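K.L.:
Just need the structure, nothing else, for what follows:
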Amino acid sequence: MATFTIAVGGALLITGVTTRTLVAGGVALVGVLLGLTLRIPFQGPAWRFALPLGGGIALYTVAILLTGGITSTFTLLPVATIFLAAAGGRLRYALPATAASIAGVIGTAAVAGIFDDPTALIRIPAVYAIIAVAFSEIQEALTSETKRAQALLLAMDTVQSRRARLTATHSLLSDLVEVAQSRDINAVTTAQDAIRDVGLIVGDAPCRIVTMEDVVLARRGTTPDGPAERRLPITFGGVRIAHLDIWEGSIDLDEAEVAAVALAIEPVGLAIDNDALVQRLAGITIQHERVRLARELHDDVAPTIAAVGLTLDMALMSGNLDDEQTRNLSAARSNISRLVDQIRLQVQDLRADRSTSIVEMAHALVADVDTEGPTVIVDIDEQTPPRPAIAAEIGAFMAEGFRNALQHADATAIWITGSITESGGLLAVKDNGSGFDDTTSVDGHFGLVGMRERAAILTATFELDTKIGEGTVVALRWEDAP
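P.N.:
Numbers count the residues shown, from 1 in each chain. Sure thing, here's the model as predicted:
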């Protein structure tokens, strides 16, 4: 709009107020309005921007022709169009706009017959071309700097966000360390405090707090061998995780006293869950370190040892060794091969999810059995837990066998037995239920397929012994890799 004002003002000063000048101003104003419809930078189909640019140049050409040709101040107006083209699309649009503007100026000179100043025919197109290139380069630089500034701002935002998260994490970890050192987070200490509070209510009556894994957290008095006369559950999040056993004897607790006892032992559930959370956090930290060690073994140690083995192979293939040297190098090569295999297994174990022992898995299965269900006996001699890489498959095998016995066998007793050492193990699930004919496919026994598949994954032996009316035994026998 400023260029339009200068062009019209200059034309009025030179030629005065004439009909041609006013008409030229009106025509040029329409071209300016077309330019104002453009959005920078250009986006979308090219015709959306080519039509306003081309229309503006055509209108400016008419205005130039009406006011004296190349000597008219309206020759400034194409500069504005060239600027818009360079700003919106750089040289892609600036060069065509410049070519059209030059063609318009030369055309007006030809129509008006004005060739007295040939330098003007060179000077004005040259100015248009210089402006097009200069504006395009400036726009390119501005766009590049804008992108760099945006990238810098994004990087700064990312740094600030990361810093904020790290600060918050540091604060949480500091609080966690402080809390972890507090006696309040310890389930045993909390249970001992609770049992003292219970003693104020039940007097001399023996009592104890026991987890679902039969771990006694606190005890008061000498508890008899028989079952407790009253058992109060200790829950957290709706899940029962412990209970309080009371041998009331001659004491008869009323409802208010029972409610007070329940309130006294309530914090124990939260303390037990706090212990579990701390163990889980420690497990996550340990797993991260295990993955780091596995990566170093896989990326650094193993390739180096393999390279030594390759060197020995080349020495053995050279044929320049005597018998004793060949025997010694062959023995060293065998040791290196075994070492590489052991590293591969260690990497597999380190990257595997941290797992509990098979005995712990078995007790976790038993904990979910309803009190009215069958009697479950766990008798596993686990000298050493299996490698983490295979423990999950062994645990899944045991869970499937136990679930089949629990749901389909109509058994009154289930045994989970086995023996696990460093070199391998045997795990069996036995029930005294109805059994089945293993020569036919029976609905409800498709879990056997999954157990066979898990045995195949472990390159282990799957064993099945069942007869109708005589119960079922499923077993897994495996040998660990050397």
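K.L.:
okay, CA-based contacts and neighbour counts for the rest of this
P.N.:
OK.
K.L.:
which residues touch the nearest residue to residue 271 once chain neighbours are set aside?
P.N.:
Among residues not flanking residue 271 along the chain, residue 187 sits closest, at 4.8 Å (CA to CA, 6 or more residues apart in numbering). Residue 187 sits next to 217, 268, 271, 272, 274, 275 when contact means CA atoms under 8 Å, 6 or more residues apart in numbering.
K.L.:
which stretches of the protein form helices?
P.N.:
Taking DSSP state H as the test, the helices found in the chain are 2-15, 19-36, 47-66, 77-89, 91-112, 118-180, 187-202, 255-296, 302-318, 323-351, 358-367, 388-408, 447-457.
K.L.:
Just name the most buried of those.
P.N.:
Mean neighbour count, computed with mean count of other CA atoms under 10 Å, is highest for helix 77-89 among those, reaching a mean of 25.
K.L.:
now that one against helix 118-180, angle please.
P.N.:
Taking axes from the mean of the first three to the mean of the last three CA atoms, to 10 degrees, one finds helix 77-89 and helix 118-180 inclined to each other by 30 degrees.
K.L.:
what about residue 423, distance to residue 226?
P.N.:
To residue 226, residue 423 is 41 Å away according to CA to CA, to the nearest Å.
K.L.:
Which of those two has more residues huddled nearby?
P.N.:
residue 423 (12 against 7; other CA atoms under 10 Å).
K.L.:
The more buried one and residue 396: what is the separation?
P.N.:
Using CA to CA, residue 423 is found at 20 Å from residue 396.
K.L.:
Need the phi and psi values for residue 254.
P.N.:
Torsion angles at residue 254 (phi, psi; degrees, to the nearest 10) stand at phi -90, psi 180.
K.L.:
On the pLDDT front, check residue 425 for me.
P.N.:
pLDDT, the model's per-residue confidence, is 90 for residue 425.
K.L.:
beta partners for it?
P.N.:
Applying DSSP bridges to residue 425 gives these bridge partners: residue 420, residue 478.
K.L.:
any idea of the pLDDT on the closest residue to residue 447 other than its chain neighbours?
P.N.:
Spatial nearest neighbour of residue 447, chain neighbours left out: residue 400 (6.5 Å); criterion: CA to CA, 6+ apart. Residue 400 is assigned a pLDDT of 89 by the prediction.
K.L.:
Look up how far residue 457 lies from residue 400.
P.N.:
Applying CA to CA, the value for residue 400 to residue 457 is 15 Å.
K.L.:
same deal with residue 326?
P.N.:
Distance, residue 326 to residue 457, using CA to CA: 38 Å.
K.L.:
cool, and residue 279?
P.N.:
From residue 279 across to residue 457, the span is 30 Å (CA to CA).
K.L.:
With residue 228 instead?
P.N.:
Shown here: residue 228 relative to residue 457, a distance of 46 Å by CA to CA.
K.L.:
pLDDT weak spots in the stretch 101-250 of the chain?
P.N.:
The model of the stretch 101-250 of the chain has pLDDT under 70 over residues 101-102, 104, 106, 109-123, 134, 176-177, 179-185, 250.
K.L.:
Repeat the analysis, applying 90 as the threshold.
P.N.:
Filtered on pLDDT under 90, the stretch 101-250 of the chain yields the residue ranges 101-193, 196, 198-205, 207, 211-230, 236-241, 247-250.
K.L.:
what about stretch 220-230, how long is it end to end?
P.N.:
Terminal residues of stretch 220-230 lie 15 Å apart, using CA to CA.
K.L.:
what's the offset of that stretch from the middle of its chain?
P.N.:
Distance of stretch 220-230 from the chain centroid (CA atoms, centre = their mean, to the nearest Å) equals 50 Å.
K.L.:
Output the below-cut-off pLDDT ranges for the stretch 351-482 of the chain.
P.N.:
For the stretch 351-482 of the chain (pLDDT under 90), the answer is 351-396, 399-400, 402-413, 420-424, 433-459, 466-470, 478-482.
K.L.:
ok, 80 please
P.N.:
Scanning the stretch 351-482 of the chain for pLDDT under 80 picks out the ranges 351-357, 364, 366-373, 383-385, 387-389, 392, 422-423, 437-447, 480-482.
K.L.:
domain ranges for this protein?
P.N.:
With domains defined by automatic domain parsing, the chain comprises 2-145, 185-274, 282-351, 358-479.
K.L.:
distance between the third one and the chain's centre?
P.N.:
The one in question is domain 282-351. Chain-centre distance of domain 282-351: 32 Å, with CA atoms, centre = their mean.
K.L.:
same check, this time on stretch 407-417
P.N.:
The chain centre lies 41 Å from the centre of stretch 407-417; the measure is CA atoms, centre = their mean.
K.L.:
Go through it and flag the buried ones.
P.N.:
Of all the residues in stretch 407-417, those buried under the rule 16 or more other CA atoms under 10 Å are 409, 410, 411, 413, 414, 415, 416, 417.
K.L.:
Let me see the residues that make contact with that stretch.
P.N.:
Residues outside stretch 407-417 that contact it (CA under 8 Å, 6+ apart) are 362, 373-381, 402, 405-406, 427-435, 444, 471.
K.L.:
if we can go back for a sec, turn the helices of the chain into CSV, columns for distance to residue 249.
P.N.:
Compiled in CSV, those are given as follows (distance: least, CA to CA, whole Å):
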stretch, distance to residue 249
helix 2-15, 104
helix 19-36, 97
helix 47-66, 95
helix 77-89, 93
helix 91-112, 98
helix 118-180, 39
helix 187-202, 10
helix 255-296, 15
helix 302-318, 67
helix 323-351, 53
helix 358-367, 29
helix 388-408, 37
helix 447-457, 49
